[in-house]
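Undergrad: my questions are about this predicted structure, shown below with the sequence.
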Amino acid sequence: MVGEVARDRLTLHEVHRFPNQPTRVLGTLHWNVLSLYQGVLDGLGAAAAHTRGSGLTSVGIDTWAVDYGLLAADGTLLANPVHYRDTRTTGTAERAAAALPPPALYAATGLQHLPFNTIYQLMAAQGTPALAAAHRLLLIPDLIAYWLTGEAGTELTNASTTQLIDPRTRDWARPVAKALGIDLTLFPPLRRPGDPAGTLRQDVLAETGLTAPTPVTAVGSHDTASAVVGVPATTPDFAYIATGTWSLAGLELDAPVLTEASRAANFTNELGVDGTVRYLRNIMGLWMLQECVRSWDARGGLASRTDLTALLREAAEATPLRSVVDAGDPAFIAPHDMPDRIADACRRTGQPVPRTPAETTRCVLDSLALAHRRAIEDAQRLSGRTVGVVHIVGGGARNELLCRLTADACGLPVVAGPAEAAALGNVLVQARTAGSVSGGLAELRTLLHSTQPLRQYEPTGDHSAWDRAAARLGDAQVTGQAT
Ligand code: LFR
C-alpha cells in the first residue's frame, strides 16, 4: 500500500497484493515466510514504479502478532516460523500456571489468555534444537524489517502480545520471563512506533528499483495497533472493533486495567501507539466464515465455488438469531471442519443445527455481533468508561450485514470504515515522523474522518431478542478464559 499524506490529504493506493498460505509440514503448521518476504519485495518494486522515480519517504511494516523467527549468530533463519494456529502449545498453559499462577501472570502483564501467546509458544519450543541454537528472536514484522535493513529491534506494540511486557512500565516483565524459563536476551532492544528502524539495504534497493536512502520507520507493527490508530473517531467516547480474520473489540485507554475482574473476563491490555493501551478481547472474527467457505468449496469441488455476495444476501434473509455459538471459544481457533464444529456447538447448547450455508453464515454473523456486544459491554463495565459510538474498521467494515447486526446487538450507532485502517494507521505514524503531519492521535483521526468514505448504521429491532440469545449460551460464553 502506498500512502500519500499531507496536512489535509490522505490517500492509499493498493499497488500489490499477495496470498498468505500457511503449509503443514510433518504435522506442524508453518508460515511460508520467504514467500511473504518475496511479496514484500514485489510490493516495494510496485511502489517504486508507482512513484515514478520520486521514491518513498519511508517504509513501515505491520503484521499479525505473537509469532516469531529464530536466528543463528550469523543472522540465518534457523527454522520456518510456526503458525499460531498450530496445536503445539496444547498443555503449555498448565505448565506455565504451575510456575506462575494465572492471577500473578495477569497482574504482571495484563494480557488475555490465548493458547498461542508467545510465552506458550516458547515454552512449547523449550528443548528443541532450533531454540537451543538461537542467538536472536525476531517477531514477524521485526524479521521482515531485519531482512530489509540488516538492523534488528523489537517493536513495542507487538512485543506487548508476547506476554513478556509489563503494561505499566512499557518495558520487559523480567520476573515473568525468569519464572517461565524464557531468555529475554534473545530479543533485540525495544523500539517504539515512530522510531527510526534503519534504511533499505543495497540489495533490496537493487531488487526493487528504489533509491537510497529509503528509511524504514517503526510503526504500530502489530496490525491491530495500526488499525486502532486508523479508527476515524471524532469524540473520545468510542469503542472500536477491528474486524477481519479476528474481531478485536474494545477501548483505547491511558492506563491498563489489571483487576481480577478484568482477568476473569479475559480482557487484554495490549500496548498502543502514543502511550495508549488497547483494552480489548479477541473474538474469532470472519475466520469462522472464511473456514466454512473453504470447507464448502472443498466439498463442492472447483465447479461450485461459493458466491460470497449471494451467500450474504441469503444470510440477511435467514431467520435472525435462530442459533448462536460462543465466538470467543478457542475450539474455533484451529483450521478445518468449521461447519461441523459450529453444528456441534449448536447441538451442545440445545439449539437448531443450521442446515444450509446461508443458515450457517447467519449463525456466524449473529454470533459475532453477540460477541461484539458482550465485549463492548464488558469493556465499559471493567474500565468505568461509557461508549456512545462503535467504530468498525478492517475488512469486516465492508460486510454490511455484520455492521448492521453489530449496531442492533450493541444498541449503539456503528460507523463502518475504513477497511484498510491498519495500512492507514501505519502510514500516518510514518508520515508524522517524516513531518508531513503533526499532532496526536486525535489530529490523525480528524484527518481520517475528513478524507475516508464511512458508513453509519443506526440500531434497529427488538433489543431484548439479543438478551434472550445471549442467555442461551449462558455466563461462561465469549471469554476463552483459562482458570
Ligand atoms: C489480528 C491479530 C490479532 C492477534 C492475532 C494473532 O490480525 O494480530 O490482534 O491476536 O492476529 O497474532
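TA: It's in. Quick caveat: nothing in here was measured; it's all calculated off a predicted structure. Numbers count the residues shown, from 1 in each chain.
Undergrad: rounded mean pLDDT for the strand or helix carrying residue 381, please.
TA: Remark: residue 381 resides in helix 357-383, with elements defined by DSSP states H and E. Confidence for helix 357-383, expressed as mean pLDDT, is 98.
Undergrad: show me what that helix packs onto, helices and strands only.
TA: When contacts are defined as 3 or more Cβ pairs under 8 Å, 6 or more residues apart in numbering; DSSP states H and E, helix 357-383 packs onto strand 238-243, strand 247-253, strand 277-283, helix 287-300, helix 308-317, helix 338-348, helix 400-410, helix 463-473. C-beta: built from backbone N, CA, C; applies to glycine.
Undergrad: which one of those lies closest to residue 183?
TA: strand 277-283 (26.8 Å; Cβ to Cβ).
Undergrad: which of the helices and strands packed on helix 357-383 is buried the deepest?
TA: Ranked by mean neighbour count, those are led by strand 238-243 with a mean of 28 (mean count of other Cβ atoms under 10 Å).
Undergrad: got TSV for the helices and strands packed on helix 357-383, with distance to residue 372 too?
TA: Output for those, formatted as TSV (distance: least, Cβ to Cβ, whole Å):
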stretch	distance to residue 372
strand 238-243	6
strand 247-253	5
strand 277-283	7
helix 287-300	13
helix 308-317	17
helix 338-348	18
helix 400-410	5
helix 463-473	11
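Undergrad: for those, give me TSV that also has distance to residue 155 and mean pLDDT.
TA: Below are the helices and strands packed on helix 357-383 laid out as TSV (distance: least, Cβ to Cβ, whole Å; pLDDT from 0 to 100):
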stretch	distance to residue 155	mean pLDDT
strand 238-243	18	98
strand 247-253	18	98
strand 277-283	14	98
helix 287-300	24	94
helix 308-317	34	97
helix 338-348	32	96
helix 400-410	30	98
helix 463-473	37	93
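Undergrad: next structured bit after the helix holding residue 381?
TA: strand 389-393.
Undergrad: what lines up beside that following strand in the sheet?
TA: Neighbouring strands of strand 389-393 in its sheet, by DSSP bridges, are strand 238-243 (parallel), strand 414-416 (parallel).
Undergrad: is the ligand contacted by the first one?
TA: No - no part of strand 238-243 sits close enough to the ligand to count as contact by Cβ under 6 Å from any ligand atom; the gap is at least 7.3 Å.
Undergrad: residue 134 is nearest to which of the helices and strands packed on helix 357-383?
TA: Nearest of the helices and strands packed on helix 357-383 to residue 134, taken as Cβ to Cβ: strand 277-283 at 27.4 Å.
Undergrad: which one of the strands paired with strand 389-393 lies closest to residue 205?
TA: strand 238-243 (33.2 Å).
Undergrad: residue 12 sits in which helix or strand?
TA: strand 9-13.
Undergrad: contact partners for the residue in the stretch 101-250 of the chain that the ligand sits nearest to?
TA: Residue nearest to the ligand within the stretch 101-250 of the chain: residue 224 (3.8 Å; Cβ to the nearest ligand atom). Applying Cβ atoms under 8 Å, 6 or more residues apart in numbering, we find residue 224 in contact with 65, 242, 246, 248, 270, 278, 280, 422.
Undergrad: and which of the residues you listed is nearest to residue 457?
TA: Out of the contacts of residue 224, the member with the shortest distance to residue 457 (by Cβ to Cβ) is residue 242, at 16.9 Å.
Undergrad: next, residue 60: phi, psi?
TA: Phi and psi for residue 60, reported as degrees, to the nearest 10, are phi -130, psi 150.
Undergrad: how near is residue 125 to residue 365?
TA: 37 Å (Cβ to Cβ, to the nearest Å).
Undergrad: the two: who's more crowded?
TA: Legend: neighbour count by other Cβ atoms under 10 Å for residue 125 and residue 365, higher for residue 365 (28 against 21).
Undergrad: my guess is that one contacts residue 403. True?
TA: No - counting by Cβ atoms under 8 Å, residue 365 stays clear of residue 403, with 10.0 Å between them.
Undergrad: one step back: okay, buried residues for the strand holding residue 12 please.
TA: Across strand 9-13, burial judged by 16 or more other Cβ atoms under 10 Å covers 10, 12.
Undergrad: how many neighbours does residue 121 have?
TA: Neighbours around residue 121, by other Cβ under 10 Å: 21.
Undergrad: show me what contacts it?
TA: Neighbours of residue 121 in contact, by Cβ under 8 Å, 6+ apart: 66-68, 82, 84, 88-89.
Undergrad: now with 7 Å?
TA: For residue 121, the contact set (Cβ atoms under 7 Å, 6 or more residues apart in numbering) comprises 82, 89.
Undergrad: got it, and residue 143?
TA: Shown in contact with residue 143 (Cβ under 7 Å, 6+ apart): residue 69.
Undergrad: and it, how close does it get to residue 429?
TA: Residue 143 sits 20 Å away from residue 429, going by Cβ to Cβ.
Undergrad: for residue 221, see how far away residue 139 is.
TA: Using Cβ to Cβ, we find residue 139 at a distance of 7 Å from residue 221.
Undergrad: got the residues of the stretch 251-400 of the chain near the ligand?
TA: By Cβ under 6 Å from any ligand atom, the residues of the stretch 251-400 of the chain that approach the ligand are residue 282.
Undergrad: repeat the analysis, applying 8 Å as the threshold.
TA: 270, 282 (Cβ under 8 Å from any ligand atom).
Undergrad: what is whatever residue of the stretch 251-400 of the chain ends up closest to the ligand paired to in the beta sheet?
TA: Proximity of the stretch 251-400 of the chain to the ligand (Cβ to the nearest ligand atom) peaks at residue 282, 5.1 Å away. For residue 282, the beta-bridge partners under DSSP bridges are residue 248.
Undergrad: go ahead and confirm it touches residue 246.
TA: Yes - the criterion here is Cβ atoms under 7 Å, and residue 282 meets it with residue 246 at 5.8 Å.
Undergrad: export the strands paired with strand 389-393 to TSV and append columns for distance to residue 286.
TA: Output for the strands paired with strand 389-393, formatted as TSV (distance: least, Cβ to Cβ, whole Å):
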stretch	distance to residue 286
strand 238-243	7
strand 414-416	14
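Undergrad: so residue 198: helix, strand or coil?
TA: For residue 198, the assignment made with DSSP: H, G, I helix; E, B strand; the rest coil gives strand.
Undergrad: show me the contacts for the residue nearest to it when sequence neighbours are not counted.
TA: Using Cβ to Cβ, 6 or more residues apart in numbering and skipping the chain neighbours, the partner closest in space to residue 198 is residue 149 (3.1 Å). Listed by Cβ under 7 Å, 6+ apart, the contact partners of residue 149 are 197-201, 216.
Undergrad: could I get those residues as CSV with distance to residue 119 and pLDDT?
TA: Shown next, in CSV, are those (distance: Cβ to Cβ, whole Å; pLDDT from 0 to 100):
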residue, distance to residue 119, pLDDT
197, 25, 98
198, 28, 98
199, 33, 98
200, 33, 98
201, 32, 98
216, 28, 98
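Undergrad: which ones among those also lie next to the ligand?
TA: Okay, of the contacts of residue 149, nothing touches the ligand (Cβ under 8 Å from any ligand atom).
Undergrad: residue 460 - how many residues pack around it?
TA: Neighbours around residue 460, by other Cβ under 10 Å: 10.
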